[in-house]
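K.L.:
Attaching a predicted model along with its sequence, questions to come.
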Amino acid sequence: MSTERTFAIIKPDAMRAGFTGRMLARIEEHGFILRAMRMVHLSKRDAEGFYAVHRERPFFSSLTDFMSSGPCVVMCLEAPDAIKKWRTAMGATDPAKADAGTMRKDFGASIENNATHGSDAPETAAFELGYFFRGLEF
Ligand code: GDP
């Protein structure tokens, strides 16, 4: 398995709830290397650009309101098979359906306020990392 990078977010709900430190510790306990990290407060327009693939979905407006509702932490995580590994660590989109011990089960509140984001494929990771990091951070 080759080393891979993925893009992750600690979403505004989790930051508001005071889970940031615990989530970062969990990320390190899972064996990810934090290659880059910063805190940002997205505008509605930033959130719409990031989630452009979802613009036809009924929850797009609500999702982009939520993602611009407060600061979040954006990260580049590195590990062997990082994309799949982080998706597994996050758990299902809906915290109610996520496996025990996953980030969304432990820190998420609802299908929208679900604490974390993770890229779902190498092309998505490349787009999402490029959306937030210019390269100097690496
Ligand atoms: P993910 O890859 O597991 O994050 O899920 P998706 O790419 O399908 O959706 C992106 C984000 O939109 C999710 O993480 C949720 O925050 C939100 N979302 C997904 N499905 C729903 C839904 O049915 N209703 C609402 N309100 N939000 C949703």
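P.N.:
Structure's in. What do you need? This is a predicted model, so every value here is computed, not measured.
K.L.:
On the three-state scheme, the residue nearest to residue 35 when sequence neighbours are not counted is what?
P.N.:
Distance criterion CB to CB, 6 or more residues apart in numbering; nearest residue to residue 35, sequence neighbours excluded, is residue 76 at 4.2 Å. Backbone N, C-alpha and C define where each C-beta goes, glycine included. Following DSSP: H, G, I helix; E, B strand; the rest coil, the label given to residue 76 is strand.
K.L.:
Compute the number of surrounding residues for residue 76.
P.N.:
Each residue near residue 76 was counted by other CB atoms under 10 Å, and the total is 22.
K.L.:
Just want the phi and psi numbers for the nearest residue to residue 94 once chain neighbours are set aside.
P.N.:
Closest residue to residue 94 apart from its sequence neighbours, by CB to CB, 6+ apart: residue 111 at 4.3 Å. Per-residue torsions, residue 111: phi -60, psi -30 (degrees, to the nearest 10).
K.L.:
Residue 111 contacts residue 98, correct?
P.N.:
No - with contacts counted by CB atoms under 8 Å, residue 111 stays clear of residue 98, the gap being 10.4 Å.
K.L.:
More neighbours: which of these two?
P.N.:
residue 98 (20 against 14).
K.L.:
Give me the local confidence score for that one.
P.N.:
At residue 98, the pLDDT value in this model is 98.
K.L.:
ok, now how distant is the residue lying closest to it once chain neighbours are set aside from residue 114?
P.N.:
In space, not counting the residues next to it along the chain, residue 98 is nearest to residue 91; the distance is 3.1 Å by CB to CB, 6+ apart. Distance, residue 91 to residue 114, using CB to CB, to the nearest Å: 9 Å.
K.L.:
Mind listing the shared neighbours of these two?
P.N.:
Here residue 91 and residue 114 have 104, 108 as joint contacts, going by CB atoms under 8 Å, 6 or more residues apart in numbering.
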